[in-house]
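Engineer: this one's sequence-less:
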């Protein structure tokens, strides 16, 4: 159980970091990257039908990164709209 949590934290951190490189061009800090990666995995599970399970494969990692990119892009658009007002 503890090993699975540690693996999800590491994979979430990597997915969030890669997504932040794609969307903003730089990292956001380890805690933010972990949260973005894990939330991105949930978003990807909802969008692509790839449910959350204990197995981490190349496909689930790619889905996590795609979900994190979607999350960061939405947050970026919201912040841009807030700054334009």
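Structural biologist: Yep, it's here. The shown structure was predicted, so the numbers you read here are calculated from the model rather than taken from an experiment. Numbers count the residues shown, from 1 in each chain.

Engineer: and the longest helix for the chain?
Structural biologist: helix 58-84 (DSSP state H).

Engineer: Show me what that one is packed up against.
Structural biologist: helix 2-23, helix 30-48 (3 or more CB pairs under 8 Å, 6 or more residues apart in numbering; DSSP states H and E). Every residue, glycine included, has its C-beta placed from N, CA and C.

Engineer: To residue 76, which of those lies closest?
Structural biologist: helix 2-23 (6.1 Å; CB to CB).

Engineer: Flag the shaky bits of the chain, pLDDT-wise.
Structural biologist: Across the chain, the ranges flagged by pLDDT under 70 are 25-28, 50-55, 83-85.

Engineer: coming back round to it: highest average neighbour count across the helices and strands packed on helix 58-84: which stretch is it?
Structural biologist: helix 30-48 (a mean of 19; mean count of other CB atoms under 10 Å).
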